[in-house]
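Student: Predicted model follows, preceded by the sequence.
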Amino acid sequence: MRFVSRRGVMTVLAGLSAIACAVGPLAAQSRPRPAQQGGTPNPDTPQLVVAVLASADHKLGVDVADEIRRRVQSEHSAKELYATPKANIENTLRASGFSIDSVLSAMDLVVLSKQLHGDYALDGTVTRRGTTMHAETRLVMETGSQIVTQPLPAVDGKDIGDVARQVERAASEAMKAMPAYRKCVADLRGQRFEDAIVDARKGLAAYPNSLPNRLCILSAYSARKAAPDSIIAIATEIASADPSNMIAWANLSQAYGQRNDTANVLRANAAMYRLDPTNTGVMLALVDQLVTAGKATDALALLDSAVAANPIDVGVLRKRWTVLLFTHQYRKALESGDALVKADTAAATVEFYQRQLGAAQADSNAAAVQVLAAKAAARFPKELSFQLLAARSTLSAGRLAEALAFARRAQAVDPKSAAAWQIAVAVQNQLNQPDSAIATARQAIAAGVPKDTIGASLLAIAAPALTKAQTTKTRADWTAALEASETVDAIAPSTQSAFYVGVSAFQIATDVLQDVQHLTTGSPKKADQQRACVGAKQAEDLLVKTSMAMPKGGAFDKNTAGRILAAVPQLSDFVSSVKKAYCK
């Protein structure tokens, strides 16, 4: 038995209005006298529509169907089982725009049967095998909005009559279980699940191979949330008898999932995909199972085929993107993500950009980071992380004006964001705008950014000056280093800024005192004595700065600070002697 969805199947709806006008009144008012014994069927008599069988020899399919119909008419009273006359079938087909010898799909056959007041239809295939014929048939019916099929045993016959005789007998046996099936379905609709199971088991007693009754039991088990083992047992019976039964495989997938039996879940999902490769939901479930089973390559092959078939299917594009991310195929994931948002702009969420940016960073793709960060910042102007990332990426790329603009936007989103202010200071420092950098640092502290945090950025102003002075060893450069260090230390004091102040002041004091020493050698003139006095006082002030800064700066560089502080007293003694001698 098989349940088939009504969606996507060709129907005879185009001819329904014509059928309703031409056939309906005839059936209701003056149904032609049947060819079989027993007169007209009763209202509750099962009615069977025998369709043309599919065959490479089309005439053979027509002839076997005709013979099966005649066989039913000869073996059953119209009160017991009524075979819809061929003329009625042909008239309805003709009115619906079909050829009278058409081989119909399951859906079209159900619609045809409904128009003819049929309860069941019979279709199948027939082939010649040397001197014999082989037929595989089934009963088709509609239950609710689903199509249910009951496969009949395959038969081999010496001629058309022999095949028809065996098919009629098989159909008659199968239909013994149908009254119980109808009761089971009614019980299901009334949510009488235990009664449904009892009725279905009566149907199985009447016909042990009844798939409709097995499916009814499966539906009852599913509705009452039976144990997975019970569902697996009945669903396995159905799938074994009818491997094309989608409902059985779906239940097997769910039940095995409850048992964490991933191998069998994968097998069930693969079976459903083979039965309906166009069903996106089935395909996506199979993809998840393949990935879980470590078969991501197979999953991506399915997704690639699906994307090729429908490049704008958002669900498939999203799944392909996530699988590529999961398997660390970042470059392909970036391309897949671009395709996703082109197909659905609403997919470009905060999470989407976060994951795309993560992929770009993992792929060391700086260009992609810059592009994505800019797009994310523009689309979500209130998302601080995007503004900061855009600022950092453009700063790294040397696009300083853009970096500063993004940093300002980040400050607007969160005035207390230390990173936003730090980036701004760094940009202004690279632009050789120390005054602007210092002003920005003062604004940051006023906004609530901790001084030590912003101080680390300001040190980028002092450090280059100190490095230059260490290279040139000129008093002018050491003076510039001291000024920069004192400015930073005044705004955001730290052990490092204190060290820079102490080192710079000491180096200037040493240089000044060397000049003083030259001025006081021998018998200095009055002018040299005055200059020596001025130098000594200047050095004294610088040594005071050194003495005040270096104890704190020692935490940054203990050894250097120790040597400088050890030298200060000797230099101070020299300063005192010069002042005593020449500052009168």
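Tutor: Received, thanks.

Student: Just the pLDDT for residue 310.
Tutor: With respect to pLDDT, residue 310 scores 89.

Student: Once you drop chain neighbours, what's closest to it?
Tutor: residue 316 (6.8 Å; C-beta to C-beta, 6 or more residues apart in numbering). All C-beta atoms are positioned from the backbone trio N, CA, C, and that covers glycine.

Student: quick one: the one you found from residue 287, how far?
Tutor: Look at residue 316 and residue 287: by C-beta to C-beta, to the nearest Å, they are 9 Å apart.

Student: Overlap of the contact sets of these two?
Tutor: residue 303 (C-beta atoms under 8 Å, 6 or more residues apart in numbering).

Student: What are the boundaries of the helices in the stretch 251-400 of the chain?
Tutor: Per DSSP state H, counting those that start in this stretch, the stretch 251-400 of the chain carries helices over the ranges 262-275, 280-292, 296-309, 314-326, 330-343, 350-362, 366-379, 384-396, 400-413.

Student: Check those for me and report the most buried one.
Tutor: Burial of these is given as mean neighbour count (mean count of other C-beta atoms under 10 Å); helix 384-396 ranks first at a mean of 23.

Student: could you say what helices and strands the top helix by length along the chain packs with?
Tutor: Longest helix of the chain, by residue count under DSSP state H: helix 526-553. Helix 526-553 makes packing contacts with helix 495-519, helix 558-582 when contacts are defined by 3 or more C-beta pairs under 8 Å, 6 or more residues apart in numbering; DSSP states H and E.

Student: State the number of residues packed around residue 383.
Tutor: Around residue 383 there are 17 other residues, counting by other C-beta atoms under 10 Å.

Student: roughly how far apart are the closest residue to it other than its chain neighbours and residue 381?
Tutor: Leaving out its chain neighbours, the residue that sits closest to residue 383 by C-beta to C-beta, 6+ apart is residue 350, at 6.0 Å. To residue 381, residue 350 is 12 Å away according to C-beta to C-beta.

Student: Please enumerate the strands of the stretch 101-250 of the chain.
Tutor: 120-129, 132-143, 146-151, 155-157 (DSSP state E, counting those that start in this stretch).

Student: separation between the residue nearest to residue 383 and residue 185?
Tutor: Counting by C-beta to C-beta - residue 350 and residue 185 are separated by 49 Å.

Student: quick one: pLDDT of the nearest residue to residue 265 once chain neighbours are set aside?
Tutor: The spatial neighbour of residue 265 that comes closest, neighbours along the chain excluded (C-beta to C-beta, 6+ apart), is residue 256 at 4.6 Å. Looking at residue 256, its pLDDT reads 94.

Student: number of nearby residues for residue 256?
Tutor: Neighbours of residue 256 (other C-beta under 10 Å): 22.

Student: if I pick it, what's in contact with it?
Tutor: Shown in contact with residue 256 (C-beta under 8 Å, 6+ apart): 228, 232, 262, 264-265, 268.

Student: want to throw these into CSV with distance to residue 449 and pLDDT?
Tutor: Formatted as CSV, those follow (distance: C-beta to C-beta, whole Å; pLDDT from 0 to 100):
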residue, distance to residue 449, pLDDT
228, 59, 95
232, 63, 96
262, 52, 89
264, 59, 94
265, 54, 92
268, 58, 94
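
Student: So in the protein, where's the weakest helix or strand by average pLDDT?
Tutor: helix 16-22 (a mean of 27; mean pLDDT, DSSP states H and E).

Student: Show the contacting residues for residue 263.
Tutor: Taking C-beta under 8 Å, 6+ apart as the test, what residue 263 contacts is residue 293.

Student: For residue 286, see how far away it is.
Tutor: For residue 263, the distance to residue 286 - C-beta to C-beta - is 13 Å.

Student: Show me the common contact partners of these two, please.
Tutor: Here residue 263 and residue 286 have no joint contacts, going by C-beta under 8 Å, 6+ apart.

Student: just to revisit the earlier point, which one of the strands of the stretch 101-250 of the chain lies closest to residue 277?
Tutor: For residue 277, the closest of the strands of the stretch 101-250 of the chain is strand 146-151, at 18.9 Å, according to C-beta to C-beta.

Student: Just the pLDDT for residue 249.
Tutor: Residue 249 is given a pLDDT of 94.

Student: Ends of stretch 426-438, what's the gap?
Tutor: In stretch 426-438, first residue to last residue: 11 Å (C-alpha to C-alpha, to the nearest Å).

Student: which residues sit against it?
Tutor: Residues contacting stretch 426-438 (C-beta under 8 Å, 6+ apart): 395, 400, 403-404, 407, 425, 440, 457-458, 460-461, 484, 487, 491.

Student: Please identify which of the residues you listed is nearest to residue 294.
Tutor: Taking C-beta to C-beta as the measure, residue 294 lies nearest residue 395 of the contacts of stretch 426-438, at 41.4 Å.

Student: isn't that closest one right up against residue 401?
Tutor: No. Using C-beta atoms under 8 Å as the test, residue 395 is too far from residue 401 to be in contact (10.5 Å).

Student: I figured the residue nearest to residue 383 hits residue 380, correct?
Tutor: Yes. The pair formed by residue 350 and residue 380 meets the contact definition of C-beta under 8 Å, at 5.9 Å.

Student: who touches the closest residue to residue 565 other than its chain neighbours in this structure?
Tutor: Spatial nearest neighbour of residue 565, excluding adjacent residues (C-beta to C-beta, 6+ apart): residue 550 at 5.2 Å. Counting by C-beta under 8 Å, 6+ apart, residue 550 touches 498-499, 502, 506, 561, 564-565, 568.
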